[in-house]
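Enquirer: Sequence plus the predicted model coming up.
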Amino acid sequence: MASMFHKRTATWGKRTIALGAGAAATALVLTGCAGGSGSTTDLNGLIIGTTDSITSLDPAGSYDNGSFAVQNQVFPFLMNTPVGSPDVKPDIATKGEFTDPTTYTVTLKKGLEFANGHKLDSSDVKFSFERELKINNENGPQSLLANLKSIDTPNATTVVFNLDHADQTWPQVLSSPAGPIVDEQVFSADKLTPAADIVKGKAFAGQYEITSYKENQLIQYKANPKYDGLLGKAKTDEVTANYYTKETDLKLAVQKGDVDVAYRSLTPTDIASLRKDSKLTVTDGPGGEIRYLVFNFKSQPFGTGQSDASDTKALAVRQAVADVVDRDALAKEVYNNTYTPLYSMVPDGLTGASTPFKSMYGNGSGAPDVDKAKKTLADAGVDGKVQLDIQYAPDHYGSASDDEYALLKTQLEKSGLFTVNIQSTVYTTYAQERTKDSYPEYQLGWFPDFSDADNYLSPFFTKDNFVQNHYDDPTIQDLIAKEQAESDPSKRADLIEQAQEREATQISTLPLLQGKSVAVASKDVKGLKLDASFKFRYATLSK
C-alpha cells in the first residue's frame, strides 16, 4: 500500500486482483517519494516526519499508504480496528452485524456531526460508497466494493449493505481504504473533490481535522472535538506532518529533534544507526508487508509449458528451493532484522496465521537442510543442477532487493543443486512481463487492504488471481470460499490454517520475509502504538 495498493475485484465464489494503471501489488518501496519537506519552525504540538507521499485527500481517488495515513486521522469509519487488535469493532456505529449471510446492517450513533456542524447520518454513508463506485477513479479503492450489490437506508441511523455473496471480510472492508465516510454537502457525487475544498469545508469527522494542507509538504492537524467513535479523543491537540523526499533527510530531522516521530520510511542501515542514539527510542511493531518468490507453473523448470514437463519434478524443484532458502540470513544480513522470517503467506499477528513452511521444509525449525533438498530432487528423478532464472524489480521493491536476491542466489548455488541467473527489470516493464510467462521465478511483495488473513489468501490462490502464475487448485479454492462465508471465528480460523497448509504442500508462492513496522521517536514521546491493525494513529501520541 505504500506506493500503490493492488486492486481487487470479486465475483461469485472467487476474487480476482487486477493491477490498475500505475498501481503496484505491494508496499515495499522504502525510498522517499514526497514532493518536498516543509520547515518545522514555529510549529506547535507534536511533529511527525515521513517520506510517504499522498495521491489524493479524497478517498475516492487514492489507494495508497501515504493517502490512507492522512485519511485515517480525519475521516470516520463504520468499523475500525481498536488499538492493539487486528479485529474490527464499530467506530461511529453502535453495532454492525450480518442479519443474514448476504446482508450486513450497521446502526449509527445518534447525533453525529462533521467538524463543520453538518449532520452525519445514513445518507452520508450511502453517498460515500456509491460515489466511489460511480467515480471509478483509476487510483481509487472501489474494487474493494465489488461484492456490494446495493445500499438501503431505512432511517437516519440504519445502513443496510446488500452483498452479492456471503463474505465474512465485509466488516474489514468497511475499515479499509474504501471505508472513509465523507460529507455529502462538501464532496462531489461524480468527481474527485480538491483537497482545498475539503479543508475549507471542514469535512472531517475523525479524531483530527486539517487546518493547513500543502500536499506532500506539510499538513497541520487539530483535534476534532466532535469525533464520537471507538478510538476516543486525541491525546495531543495539535499535530504537524512534515514530508521528506529522502530517508537520509528524515533520519537527520529526527536526530536533530526537528521531528518528534519518524515513521515510514527509514533504511535498514539508518534504523540500525538510530537504535544506538540515546536520545531516541526505536519502536518495532508487526507489519503487514510481505516479500515472496513466485513460481510460474508454466515456465518454471519442468513446468507445463516446457518440453520436459513433469508435475512431479516441477513440484520437487519448488520444494527443494524451500528446503534450501535461509530466511534468517536474508532478514539479518540484508535488512538488519527490520524484516523477520516468514513461514506462511499469512503473516504473524493475524487471526488464523500459522507457519507450515517452517515445519514442512528445511530442518523443520526454520533453518535450511541441503540433504533434504537433494533427496527430494533425487526421489523425483531430477538429475544434475537445475537452472533457475529469477527476476526482480529493485526500483519498485527497494534498492535492498539487489542484496536480497544476490544472497538468495548464493544460498541456492551453494547447495550444489541449482544454477541461478538473477536479473533486474524496471517495474513498468516488469509488471507487464511477469503476467506473460516471461519470468519462471520472480519477486513480488504485498501490503494488505485490511487486517484479515483472507487478504493474503484469496488474492493469490483463487482461480483467477492477480499473480497469474497458472496455479489452479480446487481444494484451496474451496477452503477459501468456505472461510469467507464461515461466521464462527474458531471454525473460520481452522479453515484459514488448512488453506495455508494446502498451499505449502504445492508452493505456488514461497514466502520469505515479513516487514516490521518501525517508528523512531524522541524520548519524551508517549503513546506510540504499532499493532496488527497496520494503522499509525497520531491521536495516541503525546509528549
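Expert: Right, received. Where do you want to start? Since the structure is predicted, the reported quantities are computational estimates derived from the model, not experimental observations.

Enquirer: For the stretch 51-200 of the chain, just list every one of the strands.
Expert: For the stretch 51-200 of the chain, the strands defined by DSSP state E, counting those that start in this stretch occupy 79-80, 89-90, 93-100, 103-108, 148-155, 158-163.

Enquirer: out of these, which comes closest to residue 226?
Expert: Residue 226 lies closest, by C-beta to C-beta, to one member of the strands of the stretch 51-200 of the chain: strand 103-108, at 14.2 Å. The way it works is simple: take the backbone N, C-alpha and C, and place the C-beta from them, glycine included.

Enquirer: Mean neighbour count, the strands of the stretch 51-200 of the chain: which tops it?
Expert: Sort these by mean neighbour count, taking mean count of other C-beta atoms under 10 Å, and strand 79-80 sits at the top with a mean of 24.

Enquirer: Can you find the helix or strand in the chain with the smallest mean pLDDT?
Expert: strand 14-18 (a mean of 28; mean pLDDT, DSSP states H and E).

Enquirer: Residue 293 - that's part of a helix, no?
Expert: No. With DSSP: H, G, I helix; E, B strand; the rest coil as the criterion, residue 293 is located in strand rather than a helix.

Enquirer: Could you pull up the contacting residues of it?
Expert: 321, 390, 408, 441-444, 509-510, 512 (C-beta atoms under 8 Å, 6 or more residues apart in numbering).

Enquirer: Just flag the most distant two among these.
Expert: 321 and 444 (15.4 Å).

Enquirer: Tell me, please, where in the stretch 1-150 of the chain the pLDDT is lower than the cut-off.
Expert: For the stretch 1-150 of the chain, the stretches flagged by pLDDT under 70 are 1-44.

Enquirer: Now do the helices in it.
Expert: Secondary structure of the stretch 1-150 of the chain, counting by DSSP state H, counting those that start in this stretch: helices at 65-74, 122-135.

Enquirer: Highest average neighbour count across those: which stretch is it?
Expert: Comparing the helices of the stretch 1-150 of the chain by mean neighbour count (mean count of other C-beta under 10 Å), helix 65-74 comes out on top with a mean of 25.

Enquirer: May I have it as PDB, with CA atoms only?
Expert: Extracted in PDB, the C-alpha atoms of helix 65-74 (Å, rounded to 0.1, in the frame of the first residue of the first chain):
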ATOM      1  CA  ASN A  65      -0.300   4.100   2.200                       C
ATOM      2  CA  GLY A  66       0.500   7.800   2.200                       C
ATOM      3  CA  SER A  67      -3.000   8.900   1.400                       C
ATOM      4  CA  PHE A  68      -4.600   6.400   3.800                       C
ATOM      5  CA  ALA A  69      -2.400   7.500   6.600                       C
ATOM      6  CA  VAL A  70      -3.900  11.000   6.400                       C
ATOM      7  CA  GLN A  71      -7.500   9.800   5.800                       C
ATOM      8  CA  ASN A  72      -7.200   7.600   8.900                       C
ATOM      9  CA  GLN A  73      -6.700  10.700  11.100                       C
ATOM     10  CA  VAL A  74      -9.500  12.800   9.700                       C
END
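
Enquirer: other SSEs contacting that helix?
Expert: On a contact count with 3 or more C-beta pairs under 8 Å, 6 or more residues apart in numbering; DSSP states H and E, helix 65-74 meets strand 208-214, strand 218-223.

Enquirer: Hey, what's the angle from it to strand 208-214? Just curious.
Expert: Going by axes from the mean of the first three to the mean of the last three C-alpha atoms, to 10 degrees, helix 65-74 is angled at 140 degrees with respect to strand 208-214.

Enquirer: Give me the distance from helix 65-74 to the chain's centre.
Expert: 13 Å (C-alpha atoms, centre = their mean, to the nearest Å).

Enquirer: Then stretch 456-470?
Expert: Chain-centre distance of stretch 456-470: 16 Å, with C-alpha atoms, centre = their mean.

Enquirer: what do you get for stretch 304-319?
Expert: 32 Å.

Enquirer: sorry, back to before: output the strands of the stretch 51-200 of the chain in TSV, with distance to residue 219 appended to each entry.
Expert: Shown next, in TSV, are the strands of the stretch 51-200 of the chain (distance: least, C-beta to C-beta, whole Å):
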stretch	distance to residue 219
strand 79-80	21
strand 89-90	27
strand 93-100	27
strand 103-108	28
strand 148-155	31
strand 158-163	30
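
Enquirer: right, and the ones you listed - which one's nearest residue 209?
Expert: Closest to residue 209 of those, according to C-beta to C-beta: strand 79-80, at 17.4 Å.

Enquirer: Not counting that closest one itself, show me its contacts.
Expert: Residues contacting strand 79-80 (C-beta under 8 Å, 6+ apart): 88-91, 93, 96, 106, 171-172, 174-175, 179, 229-231.

Enquirer: again with stretch 324-341
Expert: For stretch 324-341, contacts defined as C-beta under 8 Å, 6+ apart pick out 268-269, 271-272, 291, 342-343, 348, 362, 366-370, 373, 400, 403-404, 407-408, 411-412, 415, 417-418, 510, 512-516, 518.

Enquirer: The same query, at a cut-off of 7 Å, please.
Expert: 268-269, 271-272, 342, 366, 368, 370, 373, 400, 403-404, 407-408, 411-412, 415, 417, 512-516, 518 (C-beta atoms under 7 Å, 6 or more residues apart in numbering).

Enquirer: Select only the buried ones of those in PyMOL?
Expert: Filtering these down to the buried ones (16 or more other C-beta atoms under 10 Å) takes a single PyMOL command:
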select buried, resi 268+271+342+366+368+370+373+400+403+404+407+408+411+412+415+417+512+513+514+515+516+518
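
Enquirer: In the stretch 401-543 of the chain, what residue spans correspond to helices?
Expert: Remark: helices assigned in the stretch 401-543 of the chain by DSSP H, counting those that start in this stretch are 401-414, 427-433, 458-461, 474-485, 489-506.

Enquirer: What residues of the second one count as buried?
Expert: For helix 427-433, the neighbour count (16+ other C-beta under 10 Å) marks 427, 430-431 as buried.

Enquirer: repeat for stretch 431-440
Expert: 431, 434-435, 437-440.

Enquirer: same check, this time on stretch 530-543
Expert: Buried residues in stretch 530-543, defined by neighbour count with 16+ other C-beta under 10 Å: 530-541, 543.

Enquirer: related to what we said a few turns ago, out of the strands of the stretch 51-200 of the chain, which gets nearest to residue 252?
Expert: Closest approach to residue 252 among those (C-beta to C-beta): strand 79-80, 34.4 Å.

Enquirer: Can you give the distance of that closest one from its chain's centre?
Expert: Chain-centre distance of strand 79-80: 17 Å, with C-alpha atoms, centre = their mean.

Enquirer: Same drill for residue 321 and residue 444, tell me which one is more crowded.
Expert: Set residue 321 next to residue 444 and count neighbours by other C-beta atoms under 10 Å: residue 321 wins out with 28 against 25.

Enquirer: The buried residues of stretch 431-440: which two are farthest apart?
Expert: Checking the buried residues of stretch 431-440 with C-beta to C-beta, the most distant pair is 431 and 440, at 16.9 Å.

Enquirer: Distance-wise, check the residue positioned nearest the centre of the chain relative to residue 534.
Expert: Most central in the chain under C-alpha atoms, centre = their mean is residue 447, positioned 2.1 Å from the mean C-alpha point. Look at residue 447 and residue 534: by C-beta to C-beta, to the nearest Å, they are 8 Å apart.
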